[in-house]
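Novice: Here you go, sequence then predicted model.
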Amino acid sequence: MTERLGRSSLARLAARASRLAGKRRLGVGFVLGALGSLAMPPVYALPLLVVAFTGLLWIADGIARPRAALALGWWFGFGHFIVGIYWIANAFLTDVEKFGWMIPFAVGGLAAVLAAFPALALVATQALRLNGVARVIGFAGLWTLLEWVRGWIFTGLPWNPVGSVWAFSETMIQGAALAGVWGLGLVTVAAFAMPASLARSGRGPLIAMAVAVLTLGALWGGGAARLAGASEATVPGVHLRLVQAAIDPRQKARADMRMTEVARHLALTIDTPGFAAATLVVWPETAARYLLDRSPELRLALGSAAPPGGLLITGMPRAEPASGQVERIWNSLGVLDRAGNILATYDKFHLVPWGEYVPWRRVFPFIDKLTPGSLDFSAGPGPRTLHLPGLPPVGALICYEVVFPGRVVDPGDRPAWLLNLTNDAWYGDSFGPYQHLVAARLRAVEEGLPLVRAANTGISAVIDPYGRIRASLGLGLAGVLDADLPAALPGPTLYARFGDAAPGLLGLVAILATALLRRLRI
């Protein structure tokens, strides 16, 4: 009796949702998308994701035309992303007079573009004319496929994929080692949208709902088993000191403050007790805003931040040619020894549009990039592994290069750990830095590699290959973080071996399941 009453109530609610039309339908779609984004880090309001996906599919039940489905999906996506990436506006507030007018275009425009992906997922689901459980599985597969496309098309922005909602649980994110964040997201969308099928009669939806719950339970159980056997090993003889100077981005925009910033990093590095025990000091992105290959005296001064017999890694610009007028410039990482010699460099290859270069500059000659300087940054050749004395081979990443699943290591020269230098000061005390940290943790799980993160204002962290934070320094704090380097897993994870073939296989399973369920009319 209780079951019948419950399903009857759901059926009435679904019928009311399907009758929404016009601006009311689009407005509710926008609100549902916004609510769903609150399941993302750092809020993790997971029940709202159930409401969002279930409500979206119920509303779509009353749509017959593809154009109307496209509009509903777009407004859902716009609400989802406008809340999820609102923090981008903070970057333009560092110089309001110069960049403030761009906020509506940057946040609203980016959300509008990203909203196209949920819109396409919904219109494709409608085009397949699926019902019940088959519709939910089809929607989950299409949503995940479009998330994956969003990760690489037009340079890509795989920010906040649905699989990120589990980052509050070390146990649940272990599934990323098998199928990446994409596979984690596929299971999540299917499970969280499955209540939409309960408005239909029959035992099929009840069985499917039970399977969804059991699948999430299996994901948790597998993660728990994996963590039960997790190693706590560290790399012998490698002792890290991460320096978090917490320098305001408005100061970063002033050329006259460059030496003050260097002095602050030097003081934190050397004067904080424990320096002698370190073997590697790491400064964040743009910590040294000088062309160090042109500044031998400054290089020697920075060499004092390298422990005796150890190294300093710092964010810095790099330019060509070596002397005279600068023609090209890179956002780079440099490795210095105690004598001030630059032993190696790495150039960022995945640049931030508008932040590090202006797309279609000929069309927008009146727009400056957010970072100081008139020259656009050039892109490096791609992921590289640095082989440095006294350290295991390291894969370098700068800023948001860490958010791209499957594209953080050199496949021909696999590193033993990952190092991410970033400056999240642009985004203040917002969701942005927390979401960025979650992306780093997921890459560690996917690759089975420890990841060390040095951030100007935080959150600096040492993350083991299971995505567990071994040590961290909170957002907005100034100080140093001393920690040992966790050891990598003995071999690559399944996802590291096969990349997106693993979630691709899951997607194929979803397609086959959809076809079978459609045939069975479930």
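Specialist: All right, it came through fine. Residues are numbered from 1 along each chain as shown.
Novice: Flag the shaky bits of this structure, pLDDT-wise.
Specialist: Scanning the chain for pLDDT under 70 picks out the ranges 1-7, 201, 354, 360-374, 520, 522.
Novice: Outline the domain layout of it.
Specialist: Using automatic domain parsing, the domain ranges for the chain come out as 2-228+505-520, 234-488.
Novice: mind listing the strands for the stretch 351-500 of the chain?
Specialist: In the stretch 351-500 of the chain, the segments counted as strands under DSSP state E, counting those that start in this stretch are 385-386, 394-398, 417-422, 451-455, 460-463, 469-473, 479-486.
Novice: which residues are contacting the fifth one?
Specialist: Identification of contacts with strand 460-463 by Cβ atoms under 8 Å, 6 or more residues apart in numbering yields 240, 242, 244, 284, 437, 440-441, 444, 450-454, 469-473, 481, 483-486. For every residue, glycine as well, the C-beta is placed using N, CA and C.
Novice: repeat that for 6 Å
Specialist: With contact meaning Cβ atoms under 6 Å, 6 or more residues apart in numbering, strand 460-463 is reached by 242, 244, 441, 444, 451-454, 469-473, 481, 483.
Novice: Report the two of these separated the most.
Specialist: The distance between the two most remote of the contacts of strand 460-463 (Cβ to Cβ) is 19.3 Å, for Q244 and A444.
Novice: who has more neighbours, the two?
Specialist: Applying other Cβ atoms under 10 Å to Q244 and A444 shows that A444 carries more neighbours, namely 32 against 27.
Novice: Can you name the residues that contact the more buried one?
Specialist: A444 makes contacts with 451, 463, 465, 467, as judged by Cβ under 6 Å, 6+ apart.
Novice: make it 8 Å
Specialist: By Cβ under 8 Å, 6+ apart, the neighbours of A444 are 418, 450-451, 463-467.
Novice: roughly how far apart are it and A278?
Specialist: Per Cβ to Cβ, to the nearest Å, A444 is found 22 Å from A278.
Novice: three-state assignment of the spatially closest residue to L216 that is not a sequence neighbour?
Specialist: Excluding its sequence neighbours, the residue lying closest to L216 (Cβ to Cβ, 6 or more residues apart in numbering) is A191, at 5.4 Å. Applying DSSP: H, G, I helix; E, B strand; the rest coil to A191 yields a three-state assignment of helix.
Novice: wait, what's in contact with A191?
Specialist: A191 neighbours (Cβ under 8 Å, 6+ apart): 212-213, 215-216.
Novice: residues near the spatially closest residue to A278 that is not a sequence neighbour, how many?
Specialist: Spatial nearest neighbour of A278, excluding adjacent residues (Cβ to Cβ, 6+ apart): R241 at 4.0 Å. Neighbour count for R241, taken as other Cβ under 10 Å: 26.
Novice: how close does R241 sit to T422?
Specialist: 17 Å.
Novice: And for L505?
Specialist: For L505 relative to T422 (Cβ to Cβ), the value is 33 Å.
Novice: And for P490?
Specialist: With Cβ to Cβ as the criterion, P490 and T422 are 29 Å apart.
Novice: Between the two, point out the one with more neighbours.
Specialist: The residue with more neighbours, out of P490 and T422, is T422; 28 against 7, by other Cβ under 10 Å.
Novice: Hmm, the more buried one is touching P284, no?
Specialist: Yes - using Cβ atoms under 8 Å, T422 makes contact with P284 at a distance of 6.2 Å.
Novice: any chance you could read off phi and psi for T286?
Specialist: T286 adopts backbone torsions of phi 60, psi 30, taken as degrees, to the nearest 10.
Novice: quick one, what contacts it?
Specialist: The contact partners of T286, by Cβ under 8 Å, 6+ apart, come to 252, 315-317, 331, 423, 456.
Novice: who's in contact with the top helix by length along the chain?
Specialist: Ordering each helix of the chain by length in residues (DSSP state H) puts helix 204-228 first. Outside helix 204-228, the residues within contact range by Cβ under 8 Å, 6+ apart are 3, 132-133, 136, 169-175, 177, 184, 187, 190-191, 194-195, 197-198, 466, 517, 520, 522.
Novice: still on that earlier bit, by neighbour count, which of the contacts of strand 460-463 wins?
Specialist: For these, the largest number of neighbours (other Cβ under 10 Å) sits with A444, at 32 neighbours.
Novice: Identify the residues contacting the closest residue to V352 other than its chain neighbours.
Specialist: Spatially, and ignoring its direct neighbours in sequence, V352 is nearest to Y400 (6.5 Å; Cβ to Cβ, 6+ apart). Taking Cβ under 8 Å, 6+ apart, we find Y400 in contact with 350, 352, 422, 436, 439.
Novice: again, but for T94
Specialist: T94 neighbours (Cβ under 8 Å, 6+ apart): 249-250, 253, 370, 426.
Novice: all helices of the stretch 351-500 of the chain, in order?
Specialist: All helices of the stretch 351-500 of the chain, identified by DSSP state H, counting those that start in this stretch, fall at 431-447, 494-498.
Novice: Any chance of those helices in a markdown table with distance to P392 as columns?
Specialist: What follows is these, written out as a markdown table (distance: least, Cβ to Cβ, whole Å):
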| stretch | distance to P392 |
| --- | --- |
| helix 431-447 | 14 |
| helix 494-498 | 16 |
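Novice: Looking at those helices, which is nearest to P389?
Specialist: For P389, the closest of those is helix 431-447, at 23.8 Å, according to Cβ to Cβ.
Novice: Quick check: the residue nearest to L216 vs R289, distance?
Specialist: 47 Å.
Novice: Around Y86, how many other residues sit close by?
Specialist: 15.
Novice: Would you report the backbone torsion angles of it?
Specialist: Note on Y86: its backbone torsions stand at phi -50, psi -30 [degrees, to the nearest 10].
Novice: Check Y346 too.
Specialist: The phi/psi pair for Y346 (degrees, to the nearest 10) reads phi -140, psi 130.
Novice: What of R203?
Specialist: phi -80, psi -20.
Novice: And I342, by the same measure?
Specialist: phi -90, psi 110.
Novice: what sits against it?
Specialist: 292-293, 299, 334-336.
Novice: What lies in contact with the strand or helix carrying G27?
Specialist: Assigned by DSSP states H and E, G27 falls within helix 22-37. Identification of contacts with helix 22-37 by Cβ under 8 Å, 6+ apart yields 17, 20, 48-49, 51-53, 55-56, 59, 62, 68, 71-73, 75-84, 118, 160.
Novice: can you do 6 Å?
Specialist: The contact list for helix 22-37 (Cβ under 6 Å, 6+ apart) reads 20, 48-49, 52, 55-56, 72, 75-77, 79-80, 83-84.
Novice: Could you point out the helix or strand that follows it?
Specialist: Following helix 22-37 in sequence order, the next helix or strand is helix 46-60 (DSSP H and E).
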